[in-house]
Structures are given as C-alpha cells and as structure tokens.
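Peer 1: What would the 3D arrangement of this be:
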Amino acid sequence: MTMPKNELKLDKATHLYTLGDRKLISVTQAISVLDTRWRDPWYLERGRLIHLATAYYDRNELDESTVDPQIAPYIESYIKFRMNTDFEPTLIEQQLYHPQYFYAGTLDRQGSLNGNQAIIDIKSGVRVDVDELQETAYWELCRSNKIPIKKLFDLYLKGNGSMPSLVPVENPKNLLPVFLAALTLTRWKEKI
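Peer 2: Purely as a prediction, here's the structure:
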C-alpha cells in the first residue's frame, strides 16, 4: 500500500516528521539552532509528560491519581488557568505542516480566549527569547492551514501549582523572517 503524498506522520521516538517520503524540519529543530538549552533529556521528558497530562485533562480523560508527583504541580497550575479563564480549546496537540516552507509542528492548543481565536503554547520552564519564535512558527502553520488566529500566548506553568503566567506574543509578522532564517539554517546544517 502506498502512503498518500499529503499524509503527515510523526515518529515520536525520534521526533521526526515526514510527509509521504519527505522529511520535514520540526519547529523545535529549527529553533534549537538558535538556543540549545532545551536539549536536556530530563526536561524534554518532563515537558512531554506535562503536555500529555494537560491533553488528557482537556479531553476530560485525566485520572489525576495517575499523575507523577513531580508533574502534578504543573497540572494543578494548568487546571487553575482553565478554571480562571474562559479558554476553550478546539485543537489539542494538533500536528500541522506548512505546504510552502515544508516544516511541521504540534500545536499545543488552539481555541477561544476572551472571544478571540488564540494559540496557547504550554511551557514548563523559564522564559527564553526563542519562545516567541516558536509561537510565530505555529501562527504561520495555522495561517497556511486556514485556521483563524487573532492572539498568540505562551502559558508558563508553575512548578508550585500556582496560577501560571500567560504572556502574549506580539508582532508575529515581524518575527516570521527570523523563524524562517532559522529554518533555512537548519536545512543547511542537515543538508536537506
């Protein structure tokens, strides 16, 4: 059986996206050219588990008794965000690719916040400069896939379970060339 040319796949073990037989650069790969701090496996695994638990929560499938004690405060922080805002997710951990620039990513959340269609990127670490580039890349993925977006936010969950910080990302149009430059540099480095 031949795979359709437009079928996006993600190998979760290697974090490699493919579209048919074409390898795509991930948003994370492109941004890591500019900032290597997120490569520590312990933090990557913690982030993966937090994303998994928040996705279960948003799908009403989370059994809180199964959450690891090290992850639980971050989930409490996320639940506080959901309980204290009107955010309603429409897309949860949605994989998308760009048909022109041939990169892919997994959008954490897209939905309505204060009457605006918004992207929310869930973070469990400290704020770094490239965070806004990640949101910009997701904004462009949504734009190219005709998903309307008015606002972009990074949501920094707290390891003590307190209310997270919701940080707006401004001027994605101005930041897009920086992300695209990182994407080009990544392709050059990987000889794709």
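
Peer 1: what packs against the helix or strand hosting K80?
Peer 2: For K80, the element it lies in under DSSP states H and E is helix 72-84. Counting contacts by 3 or more C-beta pairs under 8 Å, 6 or more residues apart in numbering; DSSP states H and E, helix 72-84 packs against helix 41-58. Bear in mind the C-beta positions are built from the backbone N, C-alpha and C, glycine included.

Peer 1: What mean pLDDT does the helix it packs on get?
Peer 2: Here helix 41-58 scores 92 as its mean pLDDT.

Peer 1: Also stretch 110-129?
Peer 2: Mean pLDDT, stretch 110-129: 94.

Peer 1: For it, buried residues please.
Peer 2: 110-111, 113, 118-124 (16 or more other C-beta atoms under 10 Å).

Peer 1: picking up where we left off before, what residues of whichever helix or strand comes after the helix holding K80 count as buried?
Peer 2: Downstream of helix 72-84, the first helix or strand assigned by DSSP H and E is strand 88-97. For strand 88-97, burial by neighbour count (16+ other C-beta under 10 Å) applies to 89, 92-94, 96-97.

Peer 1: confidence score at W38?
Peer 2: According to the prediction, W38 has pLDDT 54.

Peer 1: For the chain, which segments are assigned as strands?
Peer 2: For the chain, strands defined by DSSP state E occupy the ranges 8-11, 16-19, 22-26, 88-97, 103-113, 116-123, 151-156, 165-168.

Peer 1: Of these, which is nearest D68?
Peer 2: strand 116-123 (16.6 Å; C-beta to C-beta).

Peer 1: Okay, angle between the closest one and helix 41-58 too, please.
Peer 2: 140 degrees (axes from the mean of the first three to the mean of the last three C-alpha atoms, to 10 degrees).

Peer 1: Let me know the angle separating strand 116-123 from strand 151-156.
Peer 2: Relative orientation of strand 116-123 and strand 151-156, computed by the same axes, to 10 degrees: 30 degrees.

Peer 1: can you give me how far strand 116-123 is from the chain middle?
Peer 2: Put simply, strand 116-123 sits 9 Å off its chain's centre (C-alpha atoms, centre = their mean, to the nearest Å).

Peer 1: One more: stretch 184-192?
Peer 2: That offset, for stretch 184-192, works out to 21 Å (C-alpha atoms, centre = their mean).

Peer 1: Return the set of buried residues in it.
Peer 2: Under 16+ other C-beta under 10 Å, the buried positions of stretch 184-192 are 186-187.
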